[in-house]
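Asks: just coords:
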């Protein structure tokens, strides 16, 4: 199938090229030449949200754009920092990136199944990523990040039912040059990045980039006598842009990255019940202000990711531009997790040892072919086809140590340590290998009919066919089983398929050259799934039905002719059916989470983005989002804990009602050896709950209180653009907060995941351009 898709796209481009060579078609843009954004004028932003270059202000959709320059000036180094710049965006952190996920407008997917997909799609240089966690590495050499809010299935596919994050990296320049950049912080984080443009000739341009980062971490593991929750990672990327003819160009991109991290150990923030409190001796239990743990197993992740893509763009004259993007990606994650959160085994109920580890490799092949008409036509269109094949597999081993008796003296009332030779010990263990293959075919189209020069009609649709295959093979648990271990073996082979047609319609109205109004209706779709995980049993074999959405959006985009003031507003409402989410059930005497069709949920609200430039060197930018995302109807799954309610009206996880940001930049031209740039950024987030918790008391305990983060930077900048020294301060008010609070710690305690900027720190960044 891969060879067929690639051959078909190349043959199509070859046939289309023949008549194009005989026409007076406009030449394709030269790599490194001024872009549409450069020539558009003061204040214009060019995006590719509709698979073509367009002015942000003319696109009938809610889009937030963060430039690479903004990221660099703030010292932003990874994708999770975007949530402080885009109010509608939130992240779910996890002990490993494979279980991390993204939320837009309060909607995302929390699941641990290997046979399910995210609700927010990730696209890098036109390539769709299978799992969002693969993109959670460093951001470097970025041209821009576009955050498309609301269902984007028409053009971006089925794993975009809540939105898309689209990243565009920098293209090669016309001349030899590049940059080198280093950064160091007061809490022992070090970064080194660089890029070089190497033009081969007038037709072939290349760019090579690389980065290295190391961070010590912010949590002290008393047992291992080391700081954890840090990382070491590096990556390289190469890009070749070749103009084969005046109407045909190719872009070849390859990248490789590697990461070793002792992240992310969860801190125990509340006091365990009973005797287990003594097992945390030396740890100050202060909620999200806890900075110590006692764990004898190092929670860590080792990741390797690489990929290659080939894009061909052919100018076919009056028909537009024919584009083919062929991509292959491979990703491997190996994780180790301390699952009992204490450092010893004790003769007490709940004091058993539990460790998880194993690899998860995956590979993804995608092929897209599309044609986009020229702009400023009566009918403007994008038509295309897409193929997607993602294979994932995980080998998961869970090892327990169970102590039923000991002769050692107690260290606290009811708490006696266990050790070989003096205790009755069992060592139950089990290994499971499970995986999935998700195959997708799609045909899509988007049409704009310019009825007049001030009124447009919009329509589009996507036909999707999904095949989902999954398997689970698990050996029976040895030595009588143990906590978190299914005693029985498993041998499941699962298959489901689904067809869907989703569509979009709307209208645009130009009130005047500066002000545009639009209204759209769109359908979202996320394909079927299976609840495939380590402890899967016979009652969890039914497919999870596809998730669908009906979304409405009314928007206004206003920008003055001189670009000094921009105000974009969107009102939105979306209702999701067969919402795929984790829910709690009883299994083997323990309460676990499982993926299920949780029911119907809805999200509604208002988003405001503004930019003010009262002078050439002073800019204010801000965003505000009010989001009411809640449960409309909840399906109580079989085996749910006693007292589980329908939870109608409850807030969805990681969906704060209020979120906003305000930033300012001011450049002072001194006329001396260096200009001065001042910048600040304030981000405010209201309360948010961590998960769909059935117990109201627990639900309050896992609620993340609202917080505000203030960042600032002062830079000395060479007027000729050769060098820049940037002094940054993050979390200046030293506001401690958690990104996730979870029940299930030892003795009924609660676990806290802490973000990178949980504590105040300062840094310096030096950049040299050549």
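Replies: Received, thanks. The structure presented is a predicted model; accordingly, all values stated were derived computationally and were not measured. Residues are numbered from 1 along each chain as shown.
Asks: Going by neighbour count, which residues in stretch 690-706 are buried?
Replies: For stretch 690-706, burial by neighbour count (16 or more other Cβ atoms under 10 Å) applies to 690, 691, 692, 693, 694, 698, 699, 701, 702, 704. Bear in mind the C-beta positions are built from the backbone N, C-alpha and C, glycine included.
Asks: Show me those residues that map onto strands.
Replies: Mapping those onto strands (DSSP state E) picks out residue 704.
Asks: Make a markdown table from the buried residues of stretch 690-706 and add pLDDT and distance to residue 172 to it.
Replies: Converted to a markdown table, the buried residues of stretch 690-706 look like this (pLDDT from 0 to 100; distance: Cβ to Cβ, whole Å):
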| residue | pLDDT | distance to residue 172 |
| --- | --- | --- |
| 690 | 90 | 44 |
| 691 | 84 | 45 |
| 692 | 79 | 47 |
| 693 | 77 | 50 |
| 694 | 72 | 54 |
| 698 | 86 | 54 |
| 699 | 87 | 52 |
| 701 | 93 | 52 |
| 702 | 94 | 48 |
| 704 | 96 | 43 |
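Asks: Toward the C-terminus from the longest strand belonging to the chain, list the very next helix or strand.
Replies: Among the segments of the chain that qualify as a strand by DSSP E, the longest is strand 379-406. Following strand 379-406 in sequence order, the next helix or strand is strand 423-426 (DSSP states H and E).
Asks: Tell me the gap between stretch 380-394 and the middle of its chain.
Replies: Chain-centre distance of stretch 380-394: 18 Å, with Cα atoms, centre = their mean, to the nearest Å.
Asks: Return the set of buried residues in it.
Replies: Applying 16+ other Cβ under 10 Å to stretch 380-394 flags 380-394 as buried.
Asks: Quick check: mean pLDDT of it?
Replies: Averaging pLDDT along stretch 380-394 yields 96.
Asks: Pick out whichever of the buried residues of stretch 690-706 sits closest to residue 467.
Replies: Within the buried residues of stretch 690-706, distances to residue 467 taken as Cβ to Cβ reach their minimum at residue 692, with 28.9 Å.
Asks: ok, which stretches of the protein are helices?
Replies: For the chain, applying DSSP state H gives helices covering 2-21, 36-40, 68-74, 153-156, 696-701.
Asks: looking at those, which has the lowest confidence?
Replies: Note on the helices of the chain: lowest mean pLDDT is at helix 36-40, with a mean of 35.
Asks: Number of residues surrounding residue 566?
Replies: As a burial measure, residue 566 scores 21 neighbours (other Cβ atoms under 10 Å).
Asks: so what's it bridging to?
Replies: Note on residue 566: beta-bridge partners by DSSP bridges are residue 559, residue 611.
Asks: show me what contacts it?
Replies: 43, 57, 558, 559, 560, 609, 610, 611, 612 (Cβ atoms under 8 Å, 6 or more residues apart in numbering).
Asks: The same query, at a cut-off of 10 Å, please.
Replies: Residue 566 is in contact with 43-45, 56-57, 514, 557-560, 609-613, 621, counting by Cβ atoms under 10 Å, 6 or more residues apart in numbering.
Asks: Likewise for residue 282?
Replies: 220, 222, 223, 292, 293, 294.
Asks: returning to what we had before: just send the buried residues of stretch 690-706 back as a markdown table, with distance to residue 61 too.
Replies: Output for the buried residues of stretch 690-706, formatted as a markdown table (distance: Cβ to Cβ, whole Å):
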| residue | distance to residue 61 |
| --- | --- |
| 690 | 30 |
| 691 | 30 |
| 692 | 29 |
| 693 | 34 |
| 694 | 36 |
| 698 | 38 |
| 699 | 34 |
| 701 | 38 |
| 702 | 34 |
| 704 | 30 |
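Asks: Max pairwise distance over the buried residues of stretch 690-706: which two?
Replies: The span of those, defined through Cβ to Cβ, is set by 694 and 704 at 18.4 Å.
Asks: re earlier: take the contacts of residue 282 and keep only those in strands.
Replies: 220, 292, 293.
Asks: beta partners of the second one?
Replies: Looking back up the chat, that one is residue 292. residue 220.
Asks: so how many other residues sit close to it?
Replies: Residue 292 has 16 nearby residues by other Cβ under 10 Å.
Asks: Quick one: residues contacting it.
Replies: 219, 220, 221, 222, 267, 268, 280, 282, 283, 284, 285, 286.
Asks: Drop anything exposed from these.
Replies: For these, buried by 16+ other Cβ under 10 Å: 219, 220, 221, 267, 268, 280, 283, 285.
Asks: The fourth one - nearest residue in space that isn't next to it in sequence?
Replies: Residue nearest to residue 267 in three dimensions, not counting chain neighbours: residue 290, with 4.3 Å by Cβ to Cβ, 6 or more residues apart in numbering.
Asks: show me the contacts for the residue in the chain sticking out farthest from the centre.
Replies: Here the chain reaches farthest from its C-alpha mean at residue 407, the gap being 50.2 Å by Cα atoms, centre = their mean. Residue 407 sits next to 347, 416, 418, 419, 421, 422, 423, 424 when contact means Cβ under 10 Å, 6+ apart.
Asks: Also residue 267?
Replies: Residues near residue 267 by Cβ under 10 Å, 6+ apart: 218-220, 229, 283, 285-293, 295, 341, 738, 745, 750-754.
Asks: mind running it again at 7 Å?
Replies: 219, 290, 293, 752, 754 (Cβ atoms under 7 Å, 6 or more residues apart in numbering).
Asks: which residues touch the third one?
Replies: Meaning residue 293. By Cβ under 7 Å, 6+ apart, the residues touching residue 293 are 219, 221, 265, 267, 268, 283.
Asks: hmm, 6 Å instead?
Replies: Each residue near residue 293 by Cβ atoms under 6 Å, 6 or more residues apart in numbering is listed here: 219, 221, 265, 267.
Asks: Closest one of those to residue 495?
Replies: residue 265 (37.9 Å).
Asks: Excluding chain neighbours, give the residue nearest to the closest one in space.
Replies: That would be residue 299: by Cβ to Cβ, 6+ apart, it lies 4.4 Å from residue 265.
Asks: okay, now the closest residue to residue 351 other than its chain neighbours: neighbour count?
Replies: Take residue 351 and drop its neighbours on the chain: the residue closest to it by Cβ to Cβ, 6+ apart is residue 276, 6.1 Å away. For residue 276, the neighbour count with other Cβ under 10 Å is 25.
Asks: and what of residue 175?
Replies: The burial count for residue 175: 10, using other Cβ under 10 Å.
Asks: and what of residue 561?
Replies: 11.
Asks: what's it in contact with, if anything?
Replies: Listed by Cβ under 6 Å, 6+ apart, the contact partners of residue 561 are residue 514.
Asks: What separation is there between it and residue 482?
Replies: To residue 482, residue 561 is 70 Å away according to Cβ to Cβ, to the nearest Å.
Asks: Next: residue 725.
Replies: Distance of residue 725 to residue 482, given as Cβ to Cβ: 56 Å.
Asks: of the two, who's got more company?
Replies: The neighbour comparison of residue 725 against residue 482 (other Cβ under 10 Å) goes to residue 482, with 23 against 15.
Asks: would you list the contacts of residue 293 in CSV and tack on pLDDT and distance to residue 98?
Replies: CSV is the format used below for the contacts of residue 293 (pLDDT from 0 to 100; distance: Cβ to Cβ, whole Å):
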residue, pLDDT, distance to residue 98
219, 96, 21
221, 96, 22
265, 90, 16
267, 96, 21
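Asks: Widest-spaced pair of those residues?
Replies: Using Cβ to Cβ, those span at most 10.1 Å, a distance reached by 221 and 267.
Asks: Give me the residue ranges of the stretch 1-150 of the chain where confidence is low.
Replies: 1-43, 75-77, 95-97, 132-133, 135-137 (pLDDT under 70).
Asks: Run me through the strand neighbours of the longest strand of the chain, direction for each.
Replies: strand 353-372 (antiparallel), strand 423-426 (antiparallel), strand 429-450 (antiparallel).
Asks: hey, least reliable of those by pLDDT?
Replies: Among those, strand 423-426 scores lowest, with a mean of 89.
Asks: Identify the residues contacting that one?
Replies: Strand 423-426 is contacted by residues 402, 403, 404, 405, 406, 479 when judged by Cβ under 6 Å, 6+ apart.
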